[in-house]
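Chemist: let's see this in three dimensions:
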Amino acid sequence: MSMQRCCPPGEIASDEFGAAAELLKALADPHRLRILATLARASDEVCVCDFTAALPLNQPTVSHHLRVLREAGLVTGERRGTWVYYRLADGARERIVAAVDGALRAQVRA
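Modeler: Residues are numbered from 1 along each chain as shown. Now for the predicted structure:
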């Protein structure tokens with residue numbers, strides 16, 4: 001039995017959004033957005049200890065959020081002794097903009 005339509009069929013985007021969805025999933029947490037915003041505004045690297053002191057999270061949770069952002073290719077980290085210093089990854093802004101823009105791209109009419 002087929003369902004009656006309420007209107008003519010809509011045109012569904014045929015693009016693949018797997019990579020964009022994974023990137024946006026990494027951003028879909030207020031603490032990760034705060035970390036990313038801090039790094040985007042920083043003139044230099046930011047120590048993990050600064051995030052641990054500023055966020056209402058314990059150290060393992062801060063490290064988890066930084067790992068998610070690192071695995072998404074949005075941040076890079078460099079260990080110096082006991083501490084790890086983070087910065088926004090090259091091209092991170094462009095990748096985020098491209099992911100959102102690709103999903104919300106206006107239809108091009110000839």
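Chemist: ok but Arg79 is inside a helix, no?
Modeler: No - remark: Arg79 does not belong to a helix; assigned using DSSP: H, G, I helix; E, B strand; the rest coil, it is strand.
Chemist: who's it bridged to?
Modeler: In this structure, Arg79 has the following beta-bridge partners (DSSP bridges): Val84.
Chemist: mind checking pLDDT for it?
Modeler: At Arg79, the model reports a pLDDT of 95.
Chemist: measure it to Ala103 for me?
Modeler: 35 Å (CB to CB, to the nearest Å). For glycine as for every other residue, the C-beta is placed from the backbone atoms N, C-alpha and C.
Chemist: have a look at these two and say which one is more surrounded.
Modeler: Ala103 (13 against 9; other CB atoms under 10 Å).
Chemist: can you pull out the strands in the protein?
Modeler: Using DSSP state E, the strands of the chain run over residues 46-47, 75-80, 83-88.
Chemist: got CSV for those, with distance to Val62 too?
Modeler: Converted to CSV, the strands of the chain look like this (distance: least, CB to CB, whole Å):
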stretch, distance to Val62
strand 46-47, 11
strand 75-80, 12
strand 83-88, 11
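Chemist: do you know which of the ones you listed lies nearest Met3?
Modeler: Using CB to CB as the criterion, the shortest distance between Met3 and the strands of the chain is 46.0 Å, found for strand 75-80.
Chemist: which residues are contacting that closest one?
Modeler: With CB atoms under 8 Å, 6 or more residues apart in numbering as the contact definition, strand 75-80 has outside contacts at 35-36, 39, 45, 48, 66, 69-70, 84-89, 92.
Chemist: ok, so of the residues you listed, who is nearest Phe17?
Modeler: Within the set of the contacts of strand 75-80, Ala92 lies nearest Phe17; the separation is 18.5 Å, counting by CB to CB.
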